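Q: Show me how the following folds:
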Amino acid sequence: MTRRAAGRAALACLALTAPLAACDAELGVSEPSPPTTSGGPGTRPGSGDEARARRDLSGLRIASETDGGGYERDRFGTRWKDIDRNGCDQRNDVLARDLTAVEKRGRCVVLAGRLRDPYSGKEITFSKQDAAEVQIDHLYPLALAWRMGASRWTEDRRERFANDHANLLAVWGVPNRQKSDSGPGEWKPQKAFQCTYGVRYIAVAKKYELPVTRADHDALQTFLGRC
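A: Prediction:
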């Protein structure tokens, strides 16, 4: 690639018009690995994840929310699209990852399991017949992301953001409805989960170059203080 072409590619990345993976390669950015979740959604991140989150938080841009005009869920593409191409949709992937005692139909469809809700600590029995009891939350909410700059992204980038495992978490429906599209400055999970929540939220914000409000920045700093 010529120097002029490389410059145009970098500008496209900074303007959020180029594909995310291409931008990562062009700008020399490596995709951060999400904190380990092998022990379930409440697993605490390791010391390396915590240290990285502290560094990354200091580098996040602080901005004010826009009015959010034009937001619709469909702006973020197909729900639970199999973007990792493992043959299972993202909802079932996350249920299988975050629940214990999982029962499946076939290779993908989660029929039952147990969830210790990371937001409240409550033990939930999941059954596909009452699927709304366990919901899949976007840690960095879609509507908030729209207000913080995702309205200017390509449709492809918004769809990948909405279906990225790093930004998805199986939770009890009650606190998920309470959280809605609030950031950490307005809504907080139980104290025992705030460290993990903060580390994951910061990783997502950095990965997608999303800014945070001053209130969210201060809340995230408090969350990391619980690590």
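
Q: For the one helix or strand V102 maps to, list the C-alpha coordinates in CSV.
A: For V102, the host element (DSSP states H and E) is strand 100-105. Output of strand 100-105 as CSV, limited to C-alpha atoms (Å, rounded to 0.1, in the frame of the first residue of the first chain):
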residue,chain,number,x,y,z
THR,A,100,-24.4,-23.9,34.7
ALA,A,101,-26.1,-27.4,34.5
VAL,A,102,-27.0,-26.6,30.9
GLU,A,103,-29.4,-28.8,29.0
LYS,A,104,-29.5,-28.5,25.2
ARG,A,105,-31.5,-29.7,22.3
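
Q: I'd like the next helix or strand past that strand.
A: Proceeding N to C from strand 100-105, the next assigned helix or strand is strand 109-116, under DSSP H and E.

Q: Report the strands that pair with the strand holding V102, each with its relative direction.
A: strand 109-116 (antiparallel) (DSSP bridges).

Q: Just after the strand it pairs with, pick out the following helix or strand.
A: Per DSSP H and E, the first helix or strand lying C-terminal to strand 109-116 is strand 123-127.

Q: Which elements pack onto the helix or strand just after that following strand?
A: Next helix or strand after strand 123-127 toward the C-terminus (DSSP H and E): strand 134-138. Packed against strand 134-138 by the contact rule (3 or more C-beta pairs under 8 Å, 6 or more residues apart in numbering; DSSP states H and E) you find helix 90-98, strand 168-172, helix 173-179. All C-beta spots, glycine's among them, are computed from the backbone N, C-alpha and C.

Q: Nearest residue to the middle of the protein?
A: Nearest to the mean C-alpha position of the chain, by C-alpha atoms, centre = their mean, lies N167 at 1.6 Å.

Q: still on that earlier bit, report the angle between the strand holding V102 and strand 123-127.
A: Compare the direction of strand 100-105 with that of strand 123-127 by axes from the mean of the first three to the mean of the last three C-alpha atoms, to 10 degrees and you get 10 degrees.

Q: List the buried residues for strand 100-105?
A: Buried positions in strand 100-105, judged by neighbour count with 16 or more other C-beta atoms under 10 Å: V102.
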